[in-house]
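Asks: coords please:
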Amino acid sequence: IATCEEVSTFEDTDTTNVKGAFTINFDFIDVTYKLAFSKDGYLPFTAGLTLLRQGKMRETYIMHPGDATVQSVVLNTTSEPAIEAYNAGVAAFNRKDYETAVAKLEEAVGHDPSLFNVWEALSRAKLSKGDYQGAVEAAEKAIELGATGEAVWRLRWQAYKQLGDKEKTLQALKDLEDAGLQAAEAQRLHNEAVALMRANDYEGAYALFKQALELYPNLSSALSGIALSALEIGRYAESLDATEALLESDPDNERAIRLRYNAALELGDTDRIMDALVGLAKVEPEIARDNLLALAFDSYDANDMVESEKRFRKVLQVDPNHPHSHYLLALIYVNEERTEEAKHHLERFIALAPDDPEAPTATELLEYLNQS
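Replies: Numbers count the residues shown, from 1 in each chain. As a prediction, the model looks like this:
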């Protein structure tokens with residue numbers, strides 16, 4: 001699609017033939033045309049073209065394979081405005097509203113400038129919008145903050161190429177090729193590690209998975225391999241850290257959810273066991289609830305009311321309608337003179353379990369609290 005800001009009435013479209021050739025007639029000289037290329041299975045991009053004379057011109061443009069959409073990732077931030085703006089920016093990009101995408105992604109990095117994922121998405125949006133210098137700067141910022149995937153190096157190279165800086169384009173291309181070689185080497189190490197793990201050499205597999213991940217930090221399958229092999233050789237903390245890193249970018253990864261719980265159990269860290277059980281509720285809701293409940297009763301029987309409150313709340317996080325968690329929280333709150341919270345949980349208990357043996361006692365207690 002060809003347009004021109006200086007001639008608002010101009011717009012022309014052509015579809016390439018089987019050889020990739022297209023023809024567009026440009027009626028005006030000494031103006032800058034914007035060419036927007038899109039094709040299923042390829043990354044979209046825009047290019048500028050300025051004609052200084054009449055006549056025929058031949059130009060070559062290269063499209064690169066890839067998903068034309070941006071997949072939203074879980075951001076490592078506590079800034080809700082940053083998350084909200086990022087998700088809005090991704091949605092705008094995927095509907096090809098690049099102006100809004102850039103605005104929202106810039107808003108996101110304004111709230112939290114430490115997020116390389118957002119800078120990378122911003123680079124892609126600016127490249128698609130035709131802001132090549134902005135795309136370079138966003139890609140450089142993403143790399144500075146830790147982005148290592150081949151995609152960010154490709155964005156940087158494409159942007160320099162469109163700017164026409166031959167020296168920087170050549171260096172960016174070399175960096176891109178180096179990133180590709182790193183990815184290939186990381187994949188080779190990963191495959192060797194898988195073979196070792198199949199032969200039950202978990203120690204050797206662990207070492208190779210670590211090397212692969214150090215070489216190419218975006219290789220999630222290497223992170224998964226570390227989680228499994230570390231668990232097998234007793235490196236429980238490292239296994240747990242690996243599963244939690246996996247779940248940051250893929251919260252529904254069932255294998256990681258189960259490995260996380262197993263690693264937390266082996267490590268024996270009660271707080272992390274409870275967090276893992278909350279995650280496990282996605283795939284094993286009854287097991288997660290029952291194990292959380294057992295931990296809650298342990299602390300209640302030990303008269304540790306601070307820990308009991310926390311644990312019964314975890315039970316309700318995975319099963320909001322668990323009657324006895326409501327009842328025992330109510331008793332805790334009565335003893336702490338937190339009357340309104342106690343009344344709320346007593347009401348929930350009576351509504352959920354009207355025939356429970358404790359229901360009459362709960363009803364009397366609720367009436368007392370209402371009168372006091």
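
Asks: contact partners of the helix or strand bottoming out on mean pLDDT in the chain?
Replies: Least confident helix or strand, the chain: strand 45-50 with a mean of 77, by mean pLDDT, DSSP states H and E. Identification of contacts with strand 45-50 by C-beta atoms under 8 Å, 6 or more residues apart in numbering yields 26, 30-37, 59, 61, 63, 127-130, 158, 162. C-beta here means a position set from N, CA and C on the backbone, and glycine is covered the same way.

Asks: tell me what the helix or strand following it is packed against?
Replies: Downstream of strand 45-50, the next assigned helix or strand under DSSP states H and E is helix 80-94. If you count contacts as 3 or more C-beta pairs under 8 Å, 6 or more residues apart in numbering; DSSP states H and E, helix 80-94 packs onto helix 98-111, helix 116-129.

Asks: what comes up buried for the first one?
Replies: Counting neighbours by 16 or more other C-beta atoms under 10 Å, one finds that the buried residues in helix 98-111 are 98, 100-109, 111.

Asks: Columns mean pLDDT and distance to A151 on top of the helices and strands packed on helix 80-94, output as a markdown table?
Replies: Listed next are the helices and strands packed on helix 80-94 as a markdown table, based on pLDDT from 0 to 100; distance: least, C-beta to C-beta, whole Å:
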| stretch | mean pLDDT | distance to A151 |
| --- | --- | --- |
| helix 98-111 | 95 | 15 |
| helix 116-129 | 92 | 7 |
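
Asks: Can you lay out these as a markdown table showing distance to L328?
Replies: Formatted as a markdown table, these follow (distance: least, C-beta to C-beta, whole Å):
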| stretch | distance to L328 |
| --- | --- |
| helix 98-111 | 40 |
| helix 116-129 | 42 |
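
Asks: strand partners of the least confident helix or strand of the chain, parallel vs antiparallel please.
Replies: Here strand 45-50 is paired, per DSSP bridges, with strand 32-37 (antiparallel).

Asks: in the strand it pairs with, what's buried?
Replies: Across strand 32-37, burial judged by 16+ other C-beta under 10 Å covers 33, 35-37.

Asks: what's in contact with that strand?
Replies: Against strand 32-37 from outside (C-beta under 8 Å, 6+ apart): 1-6, 10, 26, 44-51, 61, 63, 130.

Asks: repeat that with 6 Å
Replies: With C-beta atoms under 6 Å, 6 or more residues apart in numbering as the test, strand 32-37 has contacts from 1-4, 45-50, 63, 130.

Asks: most surrounded residue in those?
Replies: Among the contacts of strand 32-37, F45 has the most neighbours (other C-beta atoms under 10 Å), with 25 neighbours.

Asks: surely F93 meets V70?
Replies: Yes - at 5.1 Å, F93 counts as touching V70 under the criterion of C-beta atoms under 6 Å.

Asks: In terms of neighbours, single out the busier of those two.
Replies: Using other C-beta under 10 Å as the criterion, F93 and V70 rank with F93 on top: 25 against 20.

Asks: would you put the C-alpha positions of the helix or strand harbouring A142 in CSV?
Replies: Using DSSP H and E, A142 falls within helix 132-144. Output in CSV follows, covering the C-alpha atoms of helix 132-144 (Å, rounded to 0.1, in the frame of the first residue of the first chain):
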residue,chain,number,x,y,z
TYR,A,132,13.2,4.0,11.9
GLN,A,133,15.3,6.1,14.3
GLY,A,134,12.8,5.4,17.0
ALA,A,135,12.9,1.7,16.2
VAL,A,136,16.7,1.7,16.5
GLU,A,137,16.6,3.5,19.8
ALA,A,138,13.9,1.2,21.3
ALA,A,139,15.8,-1.9,20.1
GLU,A,140,19.1,-0.7,21.5
LYS,A,141,17.3,0.0,24.8
ALA,A,142,15.8,-3.5,24.8
ILE,A,143,19.2,-5.0,24.2
GLU,A,144,20.8,-2.8,27.0
